[in-house]
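[1] give me the fold of what follows.
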Amino acid sequence: MGTVAIFGAGVMGETLLSGLLRAGRDPEHLIITERRADRAAELTEKYGVRALSNAEAAALADTHILVVKPQDIRGLLAEIGPHVDADNLVVCIAAGITTGTVEAALPQGRAVVRVMPNTPALVDQGMAAVSPGANVSPEQLEEAKGILAATGRVAEVPEYLQDAVTAISGSGPAYIFYVVEAMIEAGVVLGMPRAMATELVVQTLFGAATMMRETGQHPTVLREQVTSPGGTTAAALRTLDDHKVRAAFITAMEAAAKRSAELSGA
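    Numbers count the residues shown, from 1 in each chain. Model (predicted):
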């Protein structure tokens, strides 16, 4: 394993850093870059890693993880480009930035992998989708997957599906939180204390997700097991269907995918 530099030590950058350390990476071979000196000092003290300038980090790193905002990516690539060697790997986690965009800003033939993670990586339950660019070797792709696996699960997808990934797993946690908010509010409306409603809803969500993962059964089968003929669940689901909730979710996710494509300039 070579030296890994994480460019941008915000929430996702720190999440990757802490995940790599928990997975056994040597802090001597981890570097961060951060514009705010106080933030850089905080992370070096907390994790025992080096904080360097973008150019210094790029000169030392074998793997470059770009975790900056999309609008900052071109400026960063201009800084680090001269220092990215032919055998280096560049992992781009900037939303909407294609491998082609990154490749065009670097010396010819550089290996670039595009990644769409999500926020459950904060608790090591992330879902990351990786797409290799034109010059990525199988070994480099496995290195990228290994980095993301430190904070959850990883799937390889063709790059043309990254907008769909953004709509499903990238933005997906927000949809779940949205539904949970509504269920908690329903509990309050029905006379339940908010803390009690929250505990019931969160554990129900966790239990349902665990059932899907551990049983491997289709969600339709699991839903039918809960839905007795003429019962309470059937009444609730009929109301959701009357309000076209399923169709609304599909339309909303189509809108997210469309917006992702617009942001990437596709």
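[2] hey, where'd the helices end up in the stretch 101-250 of the chain?
    With DSSP state H, counting those that start in this stretch as the criterion, the stretch 101-250 of the chain has helices at 138-149, 162-165, 172-189, 194-215, 219-226, 232-242, 245-264.
[3] distance to residue 10 for those helices - can I get that in a markdown table?
    In this view, the C-beta of every residue, glycine as well, is placed from N, C-alpha and C. As requested, these are exported to a markdown table (distance: least, Cβ to Cβ, whole Å):
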| stretch | distance to residue 10 |
| --- | --- |
| helix 138-149 | 17 |
| helix 162-165 | 21 |
| helix 172-189 | 17 |
| helix 194-215 | 26 |
| helix 219-226 | 34 |
| helix 232-242 | 37 |
| helix 245-264 | 18 |
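[4] most tightly surrounded among those helices?
    helix 162-165 (a mean of 24; mean count of other Cβ atoms under 10 Å).
[5] and it, how far from the chain's centre?
    12 Å (Cα atoms, centre = their mean, to the nearest Å).
[6] kindly export it (C-alpha atoms) in CSV.
    Below are the C-alpha coordinates for helix 162-165, written out as CSV (Å, rounded to 0.1, in the frame of the first residue of the first chain):
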residue,chain,number,x,y,z
GLN,A,162,-23.9,7.5,-12.0
ASP,A,163,-26.8,10.0,-12.3
ALA,A,164,-29.2,7.1,-11.3
VAL,A,165,-26.9,6.2,-8.5
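[7] start and end of stretch 53-69, how far apart?
    Its start and end residues considered, stretch 53-69 measures 17 Å (Cα to Cα, to the nearest Å).
[8] can I get the helices of the stretch 101-250 of the chain in TSV with distance to residue 68 and mean pLDDT?
    Converted to TSV, these look like this (distance: least, Cβ to Cβ, whole Å; pLDDT from 0 to 100):
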stretch	distance to residue 68	mean pLDDT
helix 138-149	17	95
helix 162-165	18	95
helix 172-189	21	98
helix 194-215	31	97
helix 219-226	37	97
helix 232-242	40	97
helix 245-264	15	93
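[9] the ones you listed: which one's closest to residue 98?
    In terms of Cβ to Cβ, the element of the helices of the stretch 101-250 of the chain nearest to residue 98 is helix 245-264, at 5.9 Å.
[10] contact partners of the closest one?
    Outside helix 245-264, the residues that touch it by Cβ atoms under 8 Å, 6 or more residues apart in numbering are 70, 95-98, 162-164, 166-168, 170-171, 175, 240.
[11] okay, the angle between that helix and helix 232-242?
    Orientation check (axes from the mean of the first three to the mean of the last three Cα atoms, to 10 degrees): helix 245-264 against helix 232-242 gives 50 degrees.
[12] and the angle for helix 245-264 with helix 172-189?
    Counting by the same axes, to 10 degrees, helix 245-264 lies at 140 degrees to helix 172-189.
[13] remind me which residues of the stretch 1-150 of the chain are low pLDDT?
    Filtered on pLDDT under 70, the stretch 1-150 of the chain yields the residue ranges 1.
[14] all strands for the stretch 1-150 of the chain, in order.
    Secondary structure of the stretch 1-150 of the chain, counting by DSSP state E, counting those that start in this stretch: strands at 4-7, 30-33, 50-51, 63-66, 89-92, 111-116, 126-132.
[15] indicate which one of those is closest to residue 144.
    strand 111-116 (4.3 Å).
[16] same for the closest one, what does it pack against?
    For strand 111-116, the packing partners by 3 or more Cβ pairs under 8 Å, 6 or more residues apart in numbering; DSSP states H and E come out as strand 89-92, helix 99-105, strand 126-132, helix 138-149, helix 162-165.
[17] that strand pairs with which strands?
    Strand pairing for strand 111-116, determined by DSSP bridges: strand 89-92 (parallel), strand 126-132 (antiparallel).
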